[in-house]
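Enquirer: Here is a sequence with its predicted model. Questions after.
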Protein chains: 2
Amino acid sequence: MSLEHAILGFLNYIPLTGYDLKKAFDASVHHFWPADQSQIYRTLARLTEQGWVEVKVIQRENRPPRRVYSLTEAGQEELRCWLTSLLPPEDARIPWLVQVFFAGLLSDDEILAIFERVAKQLRAKLQRAHKIPEESAAYVEAVGSPRETFFWMLTLDYRIKIMEAELAWIEDAIKRLQRKDQPPAEQQQ
Amino acid sequence: MSLEHAILGFLNYIPLTGYDLKKAFDASVHHFWPADQSQIYRTLARLTEQGWVEVKVIQRENRPPRRVYSLTEAGQEELRCWLTSLLPPEDARIPWLVQVFFAGLLSDDEILAIFERVAKQLRAKLQRAHKIPEESAAYVEAVGSPRETFFWMLTLDYRIKIMEAELAWIEDAIKRLQRKDQPPAEQQQ
DNA sequence: ATATTATATATGACCAATCCTATAATAGCA
DNA sequence: TGCTATTATAGGATTGGTCATATATAATAT
């Protein structure tokens, strides 16, 4: 499971609390692996049971204890093992394509309106994605080595390339719908 | 939820049993929305409760009854409504990128081996995807109108375009790793 | 002075999806 | 004759993830 191993990955850099981990996720990998706060805490508990991480509890009066997690040797091994494993090919789950698949039921004008709307949404997302490297530059410099940064930027590049491909696809689809070189909408009531 | 609406979509074409629906999913939308058999049955039960579909139970001696589901008017309305709705932007969940993000921990040779392996897997998947239209040609002709087929093929085209972009990205990453124009792997024990 | 945000952990309820299993008859094949 | 695939429905257990909420203090902003 990826959440588990992402946590191991972060703890491999440096010991962290659950709270710190949440911030680390939000600042870097959340583009391809968002993490829920409560899930992080529960997963940390599981990882501790499994012996892959260990806790140092720092008591503080009148406040919840600060629980700082660090990787054990077993955890390091597990991380290494998972990183070199070939993951089973994911089967995609893309709600938007379900809409496209059944779009024939709608009129061409309705479909065009929807496609344009989605294209617009995508363009905005792409623009935001392009800005991420600059925005997180300070954080990147502070936190990561050049090597770590290289792979971070690789993952960002992936997201951008995929979004560009999505945009190209939808723009092409719009053109085809406008040119009416697709089968006409027949007998709609 | 997309499973619900995909079922409504299929039942909008023609009344079907849970079993038929499973076959319909596997023959078409499973590329972007795989459906578990038991989940289809459970969802049909929920949809019936909600009044979006209705059942005609055909009793047969000594066998489980054949339950044929069809869309109600409320179901048709719901489907139309959902098809024209703007879905909230999904946040991706890509386990493979978690591996990439933490790959810095491995040696360049290990990383290259993994990337090549993934590229190979992708190329095989792409080739298979290219063959789908021909393979399902008979089914498509039998089942769908030209208009329905158009949108079906659009969804296939999406998958192919995305996979091509993924492949281009990973091939570029491999080149960069080979050219060593990325930061070197420092002090690995 | 007051309200909000940040720090920090944790539980309960819930949901979609997966996996496994049970049932039971028929059709086709070896 | 016996084996497997097909037709057909369905429930239990589990997992991964989400949402809401509770608690409690310090720092910061209005």
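Expert: Structure's in. What do you need? Residues are numbered from 1 along each chain as shown, chains lettered A, B, ... in the order given.
Enquirer: for chain A, what spans make up the strands?
Expert: For chain A, the strands defined by DSSP state E cover A:53-60, A:63-71.
Enquirer: Next, format those strands as JSON lines and append distance to chain B, mean neighbour count and mean pLDDT.
Expert: For the C-beta atoms, the positions are set from N, CA and C on the backbone; glycine is no exception. Below are the strands of chain A laid out as JSON lines (distance: least, C-beta to the nearest C-beta, whole Å; neighbours: other C-beta atoms under 10 Å in any protein chain shown; pLDDT from 0 to 100):
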{"stretch": "strand A:53-60", "distance to chain B": "15", "mean neighbour count": "13", "mean pLDDT": "89"}
{"stretch": "strand A:63-71", "distance to chain B": "11", "mean neighbour count": "15", "mean pLDDT": "88"}
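Enquirer: Mind putting these into TSV with distance to DNA strand C?
Expert: Shown next, in TSV, are the strands of chain A (distance: least, C-beta to the nearest atom of the strand, whole Å):
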stretch	distance to DNA strand C
strand A:53-60	8
strand A:63-71	4
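Enquirer: Could you export the ones you listed as a markdown table, including distance to B:D157?
Expert: Listed next are the strands of chain A as a markdown table, based on distance: least, C-beta to C-beta, whole Å:
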| stretch | distance to B:D157 |
| --- | --- |
| strand A:53-60 | 44 |
| strand A:63-71 | 44 |
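Enquirer: Which residues lie in contact with the most centrally placed residue in chain A in this structure?
Expert: Nearest residue to the geometric centre of chain A (C-alpha atoms, centre = their mean): A:F32, 1.5 Å. A:F32 makes contact with A:T155, A:Y158, A:R159, B:A92, B:R93, B:I94, B:L97, B:V98, B:F101, according to C-beta atoms under 8 Å, 6 or more residues apart in numbering or on different chains.
Enquirer: what residues are up against the first one?
Expert: Residues touching A:T155, when contacts are defined by C-beta under 8 Å, 6+ apart, comprise A:V29, A:H31, A:F32, B:L97, B:V100, B:F101.
Enquirer: What is the most widely separated pair among the residues you listed?
Expert: A:H31 and B:V100 (11.8 Å; C-beta to C-beta).
Enquirer: Which residue of these two possesses the greater neighbour count?
Expert: B:V100 (22 against 18; other C-beta atoms under 10 Å in any protein chain shown).
Enquirer: and of the strands of chain A, who's closest to A:N12?
Expert: strand A:63-71 (5.4 Å).
Enquirer: Show me how far the closest one is from its chain's centre.
Expert: 26 Å (C-alpha atoms, centre = their mean, to the nearest Å).
Enquirer: just stretch A:4-16 next, same as before
Expert: The answer for stretch A:4-16 is 17 Å, by C-alpha atoms, centre = their mean.
Enquirer: relative to helix B:146-179, how tilted is the longest helix seen in chain A?
Expert: Counting residues, the longest helix found in chain A (DSSP state H) is helix A:146-179. Angle of helix A:146-179 versus helix B:146-179, following axes from the mean of the first three to the mean of the last three C-alpha atoms, to 10 degrees, is 160 degrees.
Enquirer: Mind listing what's buried along helix A:146-179?
Expert: By neighbour count on 16 or more other C-beta atoms under 10 Å in any protein chain shown, the buried set for helix A:146-179 is A:147-156, A:158-163, A:165-167, A:169-170, A:173-174, A:177.
Enquirer: ok, the contacts of A:T155 vs B:D109, which is closest?
Expert: Using C-beta to C-beta, the contacts of A:T155 come closest to B:D109 at B:V100, 16.0 Å.
Enquirer: so that closest one touches A:L156, yeah?
Expert: No: contact criterion C-beta atoms under 8 Å: B:V100 and A:L156 do not qualify, at 10.5 Å.
Enquirer: distance of A:L122 from A:E77?
Expert: A:L122 sits 41 Å away from A:E77, going by C-beta to C-beta, to the nearest Å.
Enquirer: Looking at those two, which is more packed in?
Expert: Neighbours were counted for A:L122 and for A:E77 using other C-beta under 10 Å; A:L122 has more, 18 against 12.
Enquirer: give me every residue that touches the more buried one.
Expert: Taking C-beta under 8 Å, 6+ apart as the contact definition, A:L122 lies against A:M163, A:E166, A:L167, A:I170.
Enquirer: A:F10 now?
Expert: A:F10 sits next to A:L16, A:L21, A:A24, A:F25 when contact means C-beta under 8 Å, 6+ apart.
Enquirer: Please report the distance of it from A:G51.
Expert: 18 Å.
Enquirer: so what are the domain limits for chain A?
Expert: A:2-83, A:95-179 (automatic domain parsing).
Enquirer: who wins for proximity to B:V57 among the ones you listed?
Expert: domain A:95-179 (26.6 Å).
Enquirer: so, in contact with DNA strand C or not, that closest one?
Expert: No: counting by C-beta under 7 Å from any atom of the strand, DNA strand C is not contacted by domain A:95-179; separation bottoms out at 8.2 Å.
Enquirer: would you list every one of the helices in chain A?
Expert: Assigned by DSSP H, chain A shows helices spanning A:2-13, A:18-27, A:37-50, A:73-83, A:95-101, A:108-135, A:137-143, A:146-179.
Enquirer: right, and those helices - which one's nearest B:P133?
Expert: When these are compared (using C-beta to C-beta), the closest one is helix A:95-101, at 14.4 Å.
Enquirer: That closest one - contacts with which helices or strands?
Expert: helix B:2-13, helix B:146-179 (3 or more C-beta pairs under 8 Å, 6 or more residues apart in numbering or on different chains; DSSP states H and E).
Enquirer: let's see 10 Å
Expert: Packing partners of helix A:95-101 (3 or more C-beta pairs under 10 Å, 6 or more residues apart in numbering or on different chains; DSSP states H and E): helix A:108-135, helix A:146-179, helix B:2-13, helix B:73-83, helix B:146-179.
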